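**Student:** turn this into a structure:
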Amino acid sequence: MERFFNDDLTIAVSSGICATLIKNCASVLLKLLGIKHYIYWQLAASVFLDESQSWEAAGLLIGFLADLAVASLLGIIFFYVFRFTGRQHHWAKAAMGGFFIWLGITGLAPNLGISKITLGDHSTALAFLITDTLFSYLVVYFILRFGKEYLPEQRYPGRKV
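**Tutor:** Below you'll find the predicted structure:
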């Protein structure tokens with residue numbers, strides 16, 4: 001039987017999608033517990049729609065699809081960061097990736113007017129930090145689990161020190 005994960009792009013995109021599905025489960029749980037006021041689908045939908053429309057079924061579907069697209073892109077970025085820098089210190093790279101995602105998606109995007117939703121409180125901002133870091137650790141886990149043979153241990157072989 002041929003492996004499903006048989007090339008680097010499939011591994012990268014699948015890792016991002018799997019990680020975002022788990023991240024979204026955690027995000028919805030934090031929303032239901034009252035810790036955060038918005039979920040990722042609302043932030044993603046607010047790029048295209050008004051904040052009031054982001055709670056409607058069509059708005060959540062648009063947000064879900066946009067979130068999958070962003071997660072796929074982030075999976076590709078993570079994969080190629082490992083391709084060029086190697087697998088060493090992967091947990092540190094995952095932590096830094098989570099912080100950069102948190103700063104970019106939940107920090108800069110609303111303040112630059114890309115997203116129409118502003119987080120507004122400490123608990124929501126910290127909950128997004130937790131779920132963004134969870135996402136990055138999961139992406140790294142899936143990439144290393146399914147694509148280890150595509151990544152060098154230390155550095156890209158063609159790079160001179």
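**Student:** okay, CA-based contacts and neighbour counts for the rest of this
**Tutor:** Noted.
**Student:** distance between the lowest-mean-pLDDT helix or strand in the chain and the chain's centre?
**Tutor:** Ranking every helix and strand in the chain by mean pLDDT, DSSP states H and E puts helix 109-111 at the bottom, with a mean of 78. Centroid separation for helix 109-111 versus its chain: 17 Å, with C-alpha atoms, centre = their mean, to the nearest Å.
**Student:** residues in contact with that helix: which ones?
**Tutor:** Contact partners of helix 109-111, identified using C-alpha atoms under 8 Å, 6 or more residues apart in numbering, comprise 115-118.
**Student:** dump these into a markdown table; add pLDDT and neighbour count as well.
**Tutor:** Converted to a markdown table, those look like this (pLDDT from 0 to 100; neighbours: other C-alpha atoms under 10 Å):
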| residue | pLDDT | neighbour count |
| --- | --- | --- |
| Ser115 | 79 | 23 |
| Lys116 | 78 | 21 |
| Ile117 | 78 | 22 |
| Thr118 | 76 | 16 |
